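Visitor: got a predicted structure here, sequence first:
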Amino acid sequence: MHRTQARHVSVEAHRESVRQLLAPLRTADRIERLPLLAALGRGLAADVVAPLDLPPFANSQMDGFAIRSADVPDGGTELRVAAPVPAGAAPPELAPGTAAPIMTGAMMPPGADAVVPIEQAVPAAFPVPGVPATVRLPAAPPRNFVRDAGSDIRAGELALTAGTCLGPGQLGLLAALGFTEVSVYRALRVLLVTTGDEVVEPGSPLAAGKIYDSNATLLESSMRQAGLDVTRTGIATDRVEELTGLLRRHTAEVDLIVTTGGVSQGAYEVVRQAMAGHAVDFFGVAMQPGGPQGIGTFDGVPVLGFPGNPVSCLVSFEMFLRPALGDLFGSPAPRPVLRARLAGALTSPSGKHQVRRGTVLPDGTVRLEGGAGSHLVSALAHSNALIQVPEGIAALAGGAEVEVWML
Ligand SMILES: Nc1nc2c(c(=O)[nH]1)N[C@H]1C(S)=C(S)[C@@H](COP(=O)(O)OP(=O)(O)OC[C@H]3O[C@@H](n4cnc5c(N)ncnc54)[C@H](O)[C@@H]3O)O[C@H]1N2
Ligand code: MOO
């Protein structure tokens with residue numbers, strides 16, 4: 001279905017449509033098992049349940065003496081020194097009235113329930129092993145400097161939920177639990193097509209009326225950051241048959257097609273025309289920039305048609321595609337959402353959700369970078385955040401609190 005720009009949908013509704021378009025890609029054949037380090041930055045494909053307690057056994061948090069806390073009265077006492085407990089050993093029971101030298105991470109001897117750090121002992125040094133010795137220790141409450149078995153996570157508990165992005169912390173947990181491999185989603189393969197007779201490759205001569213292709217680099221880097229496997233076709237001209245042929249050649253190899261340009265109201269809207277006869281819908285989203293959008297399938301492959309202005313296509317990616325990838329596949333680089341105070345006033349088209357670019361400063365304010373224009377790539381390059389101005393707001397004064405998405 002090829003429709004004209006008759007309706008306007010909300011940002012939230014379009015984000016949900018993008019999610020629904022991609023949800024069928026979450027299939028079992030897109031799951032693979034990888035060694036932990038190869039899974040860095042991938043989304044976990046299935047819940048992981050802890051197969052063991054962490055720590056697996058009660059152990060000492062300090063180098064010191066393991067004691068039975070009941071053996072030491074309030075004012076402290078002198079105890080006989082038992083055999084030392086090095087890390088990695090399984091110690092025998094601690095005899096009543098004795099203190100066992102114990103190292104950080106070493107297993108608590110059965111019977112011992114507290115550790116006194118070596119700094120608090122008199123003398124504050126471990127005796128030579130095998131030589132009879134005593135040590136004076138202060139009282140310590142039960143569990144003093146003891147890390148209980150299962151105090152981090154218990155066997156049978158959910159360690160990581162499906163859809164979690166695997167960063168160093170998550171991979172470290174899997175290693176601590178003894179895993180060597182993990183099930184993750186394969187990277188989605190995306191075909192990225194920029195369009196326009198005025199657009200030329202950076203590095204080639206810039207004739208009058210031409211501009212360099214910034215969208216391809218903006219989007220390919222965004223896509224790579226979000227874990228996508230990107231195929232670029234080079235710039236498609238405004239000839240419809242050329243674009244149609246190019247898309248047909250690649251449909252079998254990709255999971256998603258993303259185009260830029262050719263979706264608004266001009267006389268030569270190549271993407272709209274190439275999608276004629278396919279289940280692709282074109283309409284306006286109540287958002288600025290990034291208003292004109294296309295969504296649907298081309299020969300069964302999901303398609304997103306982003307507008308051609310550089311900031312518009314980047315904002316489209318951040319507002320619609322990145323959140324869907326995060327939700328469905330646990331893709332990396334989700335955007336942290338913060339609240340910040342505007343350093344200066346702004347105006348916004350009240351019927352649209354405006355996305356301005358800005359810099360969040362250490363004092364918790366956000367400074368606008370450039371105006372609202374969707375061609376302002378230089379201002380974008382100096383921004384670290386997208387400022388969200390919801391539909392219905394026509395103006396905000398300096399100091400007003402806004403939601404920002406960190407880039
Ligand atoms: N009469 C109307 N005109 C326009 C409307 C409208 O509603 N009515 N919407 C405007 C808005 S908003 C946007 S956004 C653009 C969207 O246009 P298209 O998606 O059709 O994109 P193009 O016309 O091809 O290009 C727009 C703009 O972006 C530049 N561009 C395109 N590709 C690239 C690239 N790869 N790298 C850098 N710059 C690129 C292109 O030269 C244009 O300046 O339509 C408005 N017009
Ligand atoms: O919706 Mo357009 O992206 O404002 O220039």
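Guide: On my side now, so go ahead. Ligands and ions are numbered 1, 2, ... in the order given.

Visitor: the closest residue to residue 181 other than its chain neighbours bridge partners, please.
Guide: Using CB to CB, 6 or more residues apart in numbering and skipping residues adjacent in sequence, the residue nearest residue 181 is residue 33, 4.9 Å away. Where C-beta positions appear, they are placed from N, C-alpha and C, glycine not excepted. Note on residue 33: beta-bridge partners residue 183, judged by DSSP bridges.

Visitor: burial of residue 33, as a residue count?
Guide: Residues contacting residue 33 under the criterion other CB atoms under 10 Å number 12.

Visitor: and the pLDDT at it?
Guide: On the pLDDT scale, residue 33 is placed at 97.

Visitor: end to end, how far does stretch 152-162 reach?
Guide: With CA to CA, to the nearest Å as the measure, stretch 152-162 spans 20 Å from end to end.

Visitor: so what's residue 355 up against?
Guide: Neighbour list for residue 355: 287, 288, 289, 290, 315, 318, 319, 386, 387, 388, 389 [criterion: CB atoms under 8 Å, 6 or more residues apart in numbering].

Visitor: who wins on neighbours among those residues?
Guide: Among the contacts of residue 355, the one with the most neighbours (other CB under 10 Å) is residue 290, at 27 neighbours.

Visitor: now find how far off-centre stretch 60-68 is within its chain.
Guide: Centre-to-centre, stretch 60-68 and its host chain are 39 Å apart (CA atoms, centre = their mean, to the nearest Å).

Visitor: what mean pLDDT would you report for it?
Guide: Mean predicted lDDT for stretch 60-68 stands at 98.

Visitor: same thing with stretch 156-173?
Guide: Per-region confidence: stretch 156-173 scores 97 on mean pLDDT.

Visitor: run through the contacts of residue 355 and flag the ones next to ligand 1.
Guide: Near ligand 1, judged by CB under 6 Å from any ligand atom, the entries from these are residue 289.

Visitor: so which of the contacts of residue 355 belong to helices?
Guide: If you go by DSSP state H, those have residue 315 in helices.

Visitor: residues in contact with residue 43?
Guide: Residues in contact with residue 43 (CB under 8 Å, 6+ apart) are 163, 164, 165, 166, 184, 185, 227, 329, 330, 331.

Visitor: how about residue 234?
Guide: Neighbours of residue 234 in contact, by CB under 8 Å, 6+ apart: residue 201.

Visitor: touching, the residue nearest to residue 181 and residue 186? I think so.
Guide: No: assessed by CB atoms under 8 Å, residue 33 is found out of contact with residue 186, at 11.0 Å.

Visitor: rewinding a little: how much space separates the residue nearest to residue 181 from residue 179?
Guide: 10 Å (CB to CB, to the nearest Å).

Visitor: same check, this time on residue 325
Guide: Distance from residue 325 to residue 179, by CB to CB: 24 Å.

Visitor: these two - which one has more neighbours?
Guide: Higher neighbour count among residue 325 and residue 179: residue 325, with 27 against 15, using other CB under 10 Å.

Visitor: the closest residue to that one other than its chain neighbours sits in which helix or strand?
Guide: Among residues not flanking residue 325 along the chain, residue 331 sits closest, at 3.9 Å (CB to CB, 6+ apart). Under the criterion DSSP states H and E, no helix or strand holds residue 331.

Visitor: show me what contacts residue 331?
Guide: 43, 165, 226, 227, 228, 322, 325.

Visitor: let me have those residues in a markdown table, extended by distance to residue 146.
Guide: Formatted as a markdown table, the contacts of residue 331 follow (distance: CB to CB, whole Å):
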| residue | distance to residue 146 |
| --- | --- |
| 43 | 37 |
| 165 | 34 |
| 226 | 43 |
| 227 | 41 |
| 228 | 47 |
| 322 | 44 |
| 325 | 43 |
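
Visitor: from those, which single one is nearest ligand 2?
Guide: Nearest to ligand 2 among the contacts of residue 331 is residue 322, at 16.9 Å by CB to the nearest ligand atom.

Visitor: any idea how far the closest residue in space to the closest one that isn't next to it in sequence is from residue 206?
Guide: Spatial nearest neighbour of residue 322, excluding adjacent residues (CB to CB, 6+ apart): residue 226 at 5.5 Å. Using CB to CB, we find residue 226 at a distance of 30 Å from residue 206.

Visitor: and the two? Which one has more around it.
Guide: For residue 226 versus residue 206, the count of surrounding residues by other CB under 10 Å is larger for residue 226: 24 against 10.

Visitor: check contacts around the more buried one.
Guide: Listed by CB under 8 Å, 6+ apart, the contact set of residue 226 reads 321, 322, 325, 326, 331, 332, 333.

Visitor: how does it look with 6 Å?
Guide: Neighbouring residues of residue 226 by CB atoms under 6 Å, 6 or more residues apart in numbering: 322, 325, 331, 333.

Visitor: report the two of the residues you listed separated the most.
Guide: Pairwise distances across these peak at 9.4 Å for 325 and 333 (criterion: CB to CB).

Visitor: if we ignore the residues flanking it in sequence, what's nearest residue 97?
Guide: Sequence neighbours aside, residue 71 is the residue nearest to residue 97 in space, at 5.8 Å (criterion: CB to CB, 6+ apart).
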